[in-house]
Structure formats: structure tokens, C-alpha cells
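>>> Sequence first, then the predicted structure:
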Amino acid sequence: MHMNDWSTYRQQLSEGVAGLAKLSPDAVKGYVTLSGASQRTGHIDAKTRELIALAVAISLRCDGCIAVHSAAARKNGATREEVAEALTIAISINAGAALVYSTRALDAFDTE
């Protein structure tokens, strides 16, 4: 049993973006251009790019990004173990960021 029907969600998301593109074509076109820019450099292979995107997606808590990039990671040959490792890195970075920002919160608290 899965928590969500990710395939249906990806389809709904695609339809929603298409609808937004009709209302605001320049914004969606700009996003597509930005999104495609990293794919044209050729410095990082597609699987690694999708693993990075998936790790960022959980950091941003974006279900749409999770749906799209998990499917793309699978399509580009990522294994479940590779996805888990990428997610573990994201977990550690998020914990590290919380630690760093905790020092900022204490600094702010200590300010008169």
C-alpha cells in the first residue's frame, strides 16, 4: 500500500501546470528554460541530477517535485538504495541547517 497515488498526482500536476501556462505563459516558459538549463551542461549525468533534485525536493517539502523527480530518477536508472542514500544526505543537511540556525536563534535571543 502506497501513501499516495503518485502516478495520478503527476498527471494532475501536469494538467495544472498546463492550465497555468495558458494563464501565464511567460512564467511557465521561464521555468521550463531554467529547468532545462542544467540538463544542457553535460557535467552531471541524468541519474545524479535526479537524485540531487529528489534530495532538494524533500528539503523543500514539495510533493510535486517528489512525484516528478522520483519517477525521473527511476527512469534514469536509480536504484532504491541510491535514492535512500540521496535522501539520507538531505536528512543530514536539513539537520545541519537546523543546528546552524539554532545558533542564530540563540544569538538573536541574546541581543538586547
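Okay, I see it.

>>> show me the contacts for the nearest residue to V17 once chain neighbours are set aside.
Spatial nearest neighbour of V17, excluding adjacent residues (CB to CB, 6 or more residues apart in numbering): V28 at 6.5 Å. In short, each C-beta sits where N, CA and C put it, glycine included. By CB atoms under 8 Å, 6 or more residues apart in numbering, V28 lies in contact with 17, 20-21.

>>> which of those residues lies closest to L54?
V17 (18.7 Å; CB to CB).

>>> residues of the helix or strand that contains the closest one that come out buried?
Using DSSP states H and E, V17 falls within helix 6-23. Counting neighbours by 16 or more other CB atoms under 10 Å, one finds that the buried residues in helix 6-23 are 6, 10, 13.

>>> closest to S70 among these?
W6 (7.0 Å).

>>> Below-threshold pLDDT in this structure: ranges please.
Within the chain, not a single segment meets pLDDT under 70.

>>> Please tell me how far the most centrally placed residue in the chain sits from D63.
Per CA atoms, centre = their mean, the C-alpha nearest to the average position across the chain is that of A57, at 2.3 Å. Distance, A57 to D63, by CB to CB, to the nearest Å: 8 Å.
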